[in-house]
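Student: here are the coordinates; sequence isn't available:
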């Protein structure tokens with residue numbers, strides 16, 4: 001699936017807020033080796049580099065465009081184009097961190113224990129994923145995709161099915177973790193400008209639908225989504241659109 005760094009960073013402050021909230025709960029004081037999985041254009045990696053300026057930091061992403069954008073930043077990190085589903089570090093990590101990444105990767109029951117195995121003893125595994133998939137922003141896309149015009153071409157679009165319940169993540173990590181901190185936060189984001197929610201989702205959740213279609217079909221799908229989502233999230237008189245967004249956070253310390 002294609003990523004557009006500029007579209008993604010149109011709401012850079014809002015996207016980075018959850019990354020900062022996750023990092024605030026990581027207790028590691030002076031890690032030597034830190035990995036940022038799904039680093040994107042480097043906005044989350046910048047937080048890690050500021051927190052631990054002496055650490056060796058690897059930014060990993062499977063998007064060539066995102067890695068290219070990250071290279072343009074002054075962040076002191078090693079940028080690696082790789083698939084998180086099969087990535088392995090060249091040496092054990094003190095911290096493995098992932099901000100809004102695992103919703104794109106299948107089979108968490110295998111993925112998460114494998115990533116924990118790449119930590120040093122008592123190392124920290126921290127991740128957050130969106131859990132807003134039943135909100136109108138996603139439900140509308142699924143509703144349109146299920147209509148007869150789109151059904152066949154979009155039948156395999158499953159962007160959000162990978163995310164588990166909080167209790168499932170706890171049970172998955174409990175046998176291999178000394179301590180697990182898991183919580184959810186519902187942000188009520190205040191977005192500015194026309195079609196704010198459409199522009200937000202265009203950079204993330206709409207990508208699988210957009211990439212599965214071409215030409216006039218793609219434009220028709222996006223136009224229909226844009227119209228319906230504007231009705232679901234009306235712009236207020238002051239120009240602000242309120243966009244509730246729930247996220248799940250987990251910080252686990254390896255046994």
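Tutor: Cool, the structure landed. Since this is a predicted model, take the numbers as computed values, not measurements. Residues are numbered from 1 along each chain as shown.

Student: for the rest of this, base every contact and every neighbour count on C-alpha atoms.
Tutor: Will do.

Student: would you mark the buried spots in the helix or strand harbouring residue 22?
Tutor: Here residue 22 sits within helix 12-24, counting by DSSP states H and E. In terms of neighbour count (16 or more other C-alpha atoms under 10 Å), helix 12-24 has its buried residues at 15-16, 18-19, 22-23.

Student: same check, this time on stretch 176-183
Tutor: For stretch 176-183, burial by neighbour count (16+ other C-alpha under 10 Å) applies to 176-177, 180, 182.

Student: could you export those residues as a markdown table, including pLDDT?
Tutor: Listed next are the buried residues of stretch 176-183 as a markdown table, based on pLDDT from 0 to 100:
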| residue | pLDDT |
| --- | --- |
| 176 | 98 |
| 177 | 98 |
| 180 | 98 |
| 182 | 98 |
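
Student: what's downstream of the helix holding residue 22, the next helix or strand?
Tutor: Per DSSP H and E, the first helix or strand lying C-terminal to helix 12-24 is strand 33-37.

Student: check which element follows that next one along the chain.
Tutor: Scanning onward from strand 33-37 (DSSP H and E), the first element met is helix 43-51.

Student: buried sites along that next one?
Tutor: Buried positions in helix 43-51, judged by neighbour count with 16+ other C-alpha under 10 Å: 43-49.

Student: what about the helices in this structure?
Tutor: All helices of the chain, identified by DSSP state H, fall at 5-8, 12-24, 43-51, 64-71, 108-116, 136-145, 151-154, 166-173, 196-202, 207-212, 215-232.

Student: need those helices in a markdown table with distance to residue 32, can you?
Tutor: Formatted as a markdown table, the helices of the chain follow (distance: least, C-alpha to C-alpha, whole Å):
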| stretch | distance to residue 32 |
| --- | --- |
| helix 5-8 | 29 |
| helix 12-24 | 16 |
| helix 43-51 | 12 |
| helix 64-71 | 21 |
| helix 108-116 | 17 |
| helix 136-145 | 39 |
| helix 151-154 | 44 |
| helix 166-173 | 23 |
| helix 196-202 | 35 |
| helix 207-212 | 35 |
| helix 215-232 | 45 |
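
Student: so which of the ones you listed gets nearest residue 90?
Tutor: helix 108-116 (12.9 Å; C-alpha to C-alpha).

Student: now for that closest one, which elements pack on it?
Tutor: helix 166-173 (3 or more C-alpha pairs under 8 Å, 6 or more residues apart in numbering; DSSP states H and E).
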